[in-house]
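**Student:** Sequence isn't available, so here's the structure alone:
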């Protein structure tokens, strides 16, 4: 638990040079009160090969649980822009940048409504353009959403993207947490 808090604090410090949404990043760091803990984990496999390991971290507060109890459902509550969340992927195989871009585009499209796709395609293209290096086994990708601050994508410690659009973030996280998840969503959310 302490390690997760330290990692989150380090991530927040790394972000001090990037601007987000309505608050400056320095305000986000100063106001951040999110203590995240692992909710669940799973793997992404193709045939018999594990492509990456994935863990979901959620706040220790019960905001998302309260929303789930109000009938929204746990997955919908976790995807809410009111809930801080972090996905950590650790790749176990080498992948070409082209393959990663293709799979992200497909997952994004499958989780977006036609209108959302039209609204978010330019943002997705900006993300895909930032993926220009092949992935090697052992590489890490973190997707981090902080309410009021936005989305950060960090690949091996390098900022790929910062984005304040909540709809874009929801669709991106839906690749793993949505109705068309590419992994065992229940395990990722800690249901197993």
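**Tutor:** Here it is on my side, so go on. These numbers were taken from a predicted model, which means no experiment stands behind them.
**Student:** any chance you could map the helices in this structure?
**Tutor:** For the chain, the helices defined by DSSP state H occupy 2-14, 25-31, 63-67, 74-79, 97-111, 114-129, 166-177, 185-188.
**Student:** which secondary structure elements does the fifth one contact?
**Tutor:** I take that to be helix 97-111. Judged by 3 or more CB pairs under 8 Å, 6 or more residues apart in numbering; DSSP states H and E, helix 97-111 is in contact with helix 114-129, helix 166-177. The C-beta positions use only the backbone N, C-alpha and C, and glycine is treated the same way.
**Student:** so how far is the shortest one from its chain's centroid?
**Tutor:** Between the mean C-alpha point of helix 166-177 and the mean C-alpha point of its chain there is a distance of 7 Å (CA atoms, centre = their mean, to the nearest Å).
**Student:** average pLDDT across that helix?
**Tutor:** In this model, helix 166-177 has an average pLDDT of 96.
**Student:** Contacts for it, please.
**Tutor:** For helix 166-177, contacts defined as CB atoms under 8 Å, 6 or more residues apart in numbering pick out 54, 56, 75, 78-79, 81, 85, 87, 104, 107-108, 110-112, 116, 119-120, 123-124, 127, 143, 145, 150-151, 163, 178, 180-183, 185, 188-189.
**Student:** could you give the angle of that helix to helix 97-111?
**Tutor:** Angle, helix 166-177 to helix 97-111, by axes from the mean of the first three to the mean of the last three CA atoms, to 10 degrees: 100 degrees.
**Student:** go on, the longest one?
**Tutor:** With the same axes, to 10 degrees defining the directions, helix 114-129 sits at 160 degrees from helix 97-111.
**Student:** Of the helices and strands packed on helix 97-111, give the one that comes closest to residue 44.
**Tutor:** Residue 44 lies closest to helix 166-177 among those, at 8.4 Å (CB to CB).
**Student:** Give the buried residues for the closest one.
**Tutor:** 166, 168, 169, 170, 171, 172, 173, 174, 175, 176, 177 (16 or more other CB atoms under 10 Å).
**Student:** neighbours of residue 96, just the number please.
**Tutor:** If you count neighbours by other CB atoms under 10 Å, residue 96 ends up with 11.
**Student:** Spit out the contact partners of it.
**Tutor:** Taking CB under 8 Å, 6+ apart as the test, what residue 96 contacts is 134, 135.
**Student:** Perfect, I'm done here.
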